[in-house]
Each structure stands twice: as structure tokens, then as C-alpha cells.
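1. Below are the sequence and a predicted model for it; my questions follow.
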Amino acid sequence: MGGAINQSPIVGPGGGIIWLFNDHLRLEGVFPKPALVYNPNDNWEFRLFGNIYYESFRTEDVITPERKLQVHNAWVQYSEDRAGLQASYSGLKPFEITLGGGVTVRRDFDFFRAEASAKTKPAPFVKFEIVAKF
């Protein structure tokens, strides 16, 4: 469970259930990052995932290119919903290589104290990551 004073709702749940179908396939019904994961062997992992992200924080100056949204020193509630596919390979020890992509379905910026907000259109994203574990 997590929370923050300047977020709505103040407290958000976390957790869920992981269902093992067999040795290679599992459903991670875990909020806020559910996924269907397939491991054909020890080196490969394929993931169909979702990601629900909510945060609130204080900003300095926000001035958009269209000049429709201009706020200074304001609190913002940021939320984002994503869905996508990801492949990871860990056969090159100590490295793990991850390539993924998908779509950000919804992204909202709510400057609730300044009575301003912005919503974006769906947009694609790409992820490339190399992690070394020593």
C-alpha cells in the first residue's frame, strides 16, 4: 500500500496474485504492474504487460509550446497507463538485455491547485536496457 497527501485517492493498494500455469507460463496479476510472462528457457523471458503509474509532486515553471498551459510553482498529479510487449535475454553473464515497446494509452497532468490540466493523446514508446549484475 502506498500513498501521498497530495494525491487522489490519498491511499492506493498494491499487491495481487501470481498464477503459475506451468513451468514456463505465469500470470502476474499484481497491481500496478500486471503481466503475462513466458519463459521458454532460463535465458529468455517474454512479457505482455500493463503499467499503471500515479504520482504527485511540486513543479517549478511549466510552459507548454502552445502557451495554453502556464503554471508556476504548482502541485501536479501525474498519471499514466501503459501496455506493451517486452523481451529479455540473460545468456551473456553478467548482462541482461531488454527490448520492449508499446503504447502509452493515457497520460494526464492535473495542476489541481492552479485549476489547470492537460491530457495527451496515445503515444508509442520503446525501451532498450542493458543491466550488469556483478
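-> Good, I have the coordinates.
2. List the buried residues for the helix or strand harbouring Val71?
-> Using DSSP states H and E, Val71 sits in strand 70-72. Buried residues in strand 70-72, counted by 16 or more other C-beta atoms under 10 Å: Val71. Any C-beta I mention is one placed from the backbone N, CA and C, and that applies to glycine too.
3. quick one: average pLDDT of that strand?
-> Computed over strand 70-72, the mean pLDDT rounds to 73.
4. Pairing partners for it, with directions?
-> strand 61-63 (antiparallel) (DSSP bridges).
5. For stretch 92-107, give me every contacting residue.
-> Contacts with stretch 92-107, where a contact means C-beta atoms under 8 Å, 6 or more residues apart in numbering, come from 47, 49, 78-90, 119-120, 122-134.
6. I'd like to know which of those are buried.
-> Using 16+ other C-beta under 10 Å, the buried members of those are 47, 49, 79-82, 84, 86, 88, 90.
7. following the strand holding Val71, which helix or strand shows up next?
-> Counting by DSSP H and E, the next helix or strand C-terminal to strand 70-72 is strand 75-92.
8. Tell me the helix or strand right after that next one.
-> Next in sequence after strand 75-92, counting helices and strands by DSSP H and E, comes strand 95-111.
9. after that following strand, next one along is what?
-> With DSSP H and E, the next secondary element past strand 95-111 is strand 116-120.
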